[in-house]
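[1] Compute the structure for the input listed below.
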Amino acid sequence: MTDEPKKRIFIGLIVFTVFLITAVTVGLYLIPYIGLKNIHPLAPRVVCITMGAVVGFLIFGVALLILTLIRGREIFWSHRLRGIVIEVLFPIMVVVGKILGISKAKIQQSFVEVNNLLIRAKCNGVRSKRILLLMPHCLQFNDCAIKITSDVYKCQACGKCRIKDLVELAQQYGVHLSVATGGTLARRRVAEARPEAIIAVACERDLTSGIQDAYPLPVIGILNDRPHGPCFNTSVDIAKVSEALSYLSKGCQKPRGTSR
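    Just a heads-up that it's a prediction; the model follows:
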């Protein structure tokens, strides 16, 4: 699936979610309308104005978010919308997607892509040494006798997995590279490295939870390839990791040859 379909899934879901929230809000207002009038003559108007303001703000925010995604650059304070997407809208969208028959994996893929686009829309450049490359341990060749979770630079560069290429990238850009076996260790590695930005590789579920856990720290997520199934001899497109590194470390200037 390309980036555009992922983005369209997100936009379609978020528009439907806002419509649903608006309908529920109107319903909650209309049902107790008579009771509110009995409390105080002005009560219905006060509640109506309050609910209208909340819904109006939500609609305005979503419109700003969609415009940012379409234009590919920040509009006013739209970078703050990433927090609303992560903490408020995404959990609702998962429920709405389930009702509409959209798989959770597709919604997570869409969420990761939109998160990346929002980070790129608001990106001021990061010092290379403050970027953390965070990789899952399943990238390592399963039968390798050397365990690199404690020190990735123990890798013997045999070329049977992508760890060799990632080590070379980390050395080229002067960034910290770490391999984690799970969410708890990943959070510890982030706390130890104290990065200004993270480039993370994982499956949809782990990327989604990682982006949520790390917020407001910017995390560019890259989905891993799973030719042998989940969590076993996985791989990653090194070109995508390299492009993300170049984008962040060079002040978010798009490298030549990219279409983004």
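[2] Looks to me like L134 is in a helix.
    No. Using DSSP: H, G, I helix; E, B strand; the rest coil, the assignment for L134 is strand, not a helix.
[3] Can you name the residues bridging to it?
    S178, A200 (DSSP bridges).
[4] right, and it touches A186 too?
    Yes. With contact defined as CB atoms under 8 Å, L134 reaches A186; the gap is 6.0 Å. Every C-beta, even on glycine, is put in place using the N, C-alpha and C of the backbone.
[5] which neighbours do those two share?
    A180, G210 (CB atoms under 8 Å, 6 or more residues apart in numbering).
[6] Could you check how many residues crowd around F10?
    F10 has 27 neighbours, counted by other CB atoms under 10 Å.
[7] Pretty sure it sits against V112.
    No. With contact defined as CB under 8 Å, F10 does not count as touching V112 (9.8 Å).
[8] Next, show the common contact partners of the two.
    Common contact partners of F10 and V112 (CB under 8 Å, 6+ apart): none.
[9] For E204, give its distance to I107.
    9 Å (CB to CB, to the nearest Å).
[10] Show me which of the two is the more surrounded one.
    Counting neighbours by other CB under 10 Å for E204 and for I107 shows that I107 has the greater number, 24 against 20.
[11] So which helix or strand of this structure has the lowest pLDDT on average?
    Ranked by mean pLDDT, DSSP states H and E, the helix or strand of the chain with the weakest confidence is helix 33-39, at a mean of 57.
[12] quick one, phi psi at G174?
    phi 70, psi 40 (degrees, to the nearest 10).
[13] That one: how many residues sit nearby?
    11.
[14] same deal with A193?
    Counted with other CB under 10 Å, residues neighbouring A193 total 19.
[15] Test my guess that it contacts V175.
    No. Taking CB under 8 Å as the definition, A193 is not a contact partner of V175, at 9.5 Å.
[16] Name the residues contacting each of the two.
    The contact sets of A193 and V175 overlap at L132 (CB under 8 Å, 6+ apart).
[17] Spatially nearest residue to K98 (excluding sequence neighbours)?
    Spatial nearest neighbour of K98, chain neighbours left out: K104 (7.1 Å); criterion: CB to CB, 6 or more residues apart in numbering.
[18] which SSE is G56 in?
    helix 43-71 (DSSP states H and E).
[19] as a whole number, average confidence for that helix?
    Taken as a whole, helix 43-71 has an average pLDDT of 78.
[20] low pLDDT regions in the stretch 1-150 of the chain?
    Judged by pLDDT under 70, the stretch 1-150 of the chain has its weakly predicted residues at 1-5, 28-44, 47, 74-80, 123-128.
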